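[1] Kindly generate the corresponding structure for this input.
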Amino acid sequence: MDNLLDKYLFQAIDAYPYDLQETVESLQYALSYNPKSTKALCLMGQVYAEQLQDYETAKAYYQEALAENIHAIDVYRHYIVVLLWNEDYEEAEKLINFAFTVKGIDKAVMYLKKAHLFEQKQEFKIAIKHLKKAKEFAYNSNFISYLAEEKSRIKDKMPKKKKKKKKKAKPCTKKSKKRKKKKK
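    Predicted coordinates for the structure are as follows:
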């Protein structure tokens, strides 16, 4: 039975996102063989989130996948993105914090997600701190370059500090000196 599940799961993975009809059909077959297939539930969540923008249905698929296997590390990053898109910030922060406790999770990606969370909350300085933390856990030059681009993008959103212009002192003339003496 696992061979048929795997067959349909691989067909769905291969078809996504270019052939949605094939993807959904293969996922339905995969889920009919094993309704608790974490990978199939996750991919179905991606279809609903990324293609249909039905975030509530996507969240339900991701929740079901994590209920079945809390160590399914691939589910976390997709689920967090959906929570951010749906502006469920408190839930996203809790999930990110929990994800850090899951063995094998990519901590650099989780810190990046945390930076995105704070960026969306308009807390840019905190977002940049999390990008720096993500860099500490990154072991890939391309990812580190991506983090630098993200940092630059977020810095561009930060309000610019207004520079105070110093007033130039007027040069003292004989008349101004006389006025000062008269005032005393």
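
[2] show me the contacts for the closest residue in space to residue 144 that isn't next to it in sequence.
    Nearest residue to residue 144 in three dimensions, chain neighbours excluded: residue 138, at 5.0 Å (C-beta to C-beta, 6 or more residues apart in numbering). Where you see a C-beta, it was placed from the backbone N, CA and C, and this is true even at glycine. By C-beta atoms under 8 Å, 6 or more residues apart in numbering, the residues touching residue 138 are 108, 144, 147.

[3] Using ChimeraX, define a selection of the buried residues within those.
    Only the buried entries of the contacts of residue 138 go into this ChimeraX selection, using 16 or more other C-beta atoms under 10 Å:
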select :108,147
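
[4] Could I get the phi/psi values of the residue nearest to residue 144?
    The phi/psi pair for residue 138 (degrees, to the nearest 10) reads phi -90, psi 140.

[5] same thing with residue 121?
    phi -90, psi 10.

[6] Neighbours of it, how many?
    15 (other C-beta atoms under 10 Å).

[7] Check the spacing between it and residue 83 real quick.
    13 Å (C-beta to C-beta, to the nearest Å).

[8] any common contacting residues for the two?
    residue 89.

[9] ok so, going back, any chance of the contacts of residue 138 in CSV, plus distance to residue 161, pLDDT and secondary structure?
    Shown next, in CSV, are those (distance: C-beta to C-beta, whole Å; pLDDT from 0 to 100; DSSP: H, G, I helix; E, B strand; the rest coil):
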residue, distance to residue 161, pLDDT, secondary structure
108, 30, 97, helix
144, 28, 97, helix
147, 24, 97, helix
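
[10] Next, format the contacts of residue 138 as TSV and append distance to residue 15.
    Below are the contacts of residue 138 laid out as TSV (distance: C-beta to C-beta, whole Å):
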residue	distance to residue 15
108	29
144	32
147	32
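
[11] Contact partners for the closest residue to residue 78 other than its chain neighbours?
    Spatial nearest neighbour of residue 78, excluding adjacent residues (C-beta to C-beta, 6+ apart): residue 46 at 5.8 Å. Contacts for residue 46 (C-beta under 8 Å, 6+ apart) come out as 16, 58, 78.

[12] So which of these wins on neighbours?
    residue 58 (27 neighbours).

[13] what helix or strand does the residue nearest the centre of the chain sit in?
    In the chain, the residue lying closest to the centroid (C-alpha atoms, centre = their mean) is residue 113, at 3.3 Å. Using DSSP states H and E, residue 113 sits within helix 107-120.

[14] Can you point out the buried residues in stretch 26-36?
    Within stretch 26-36, the residues that count as buried by 16+ other C-beta under 10 Å are 26, 27, 29, 30, 31, 33, 34.
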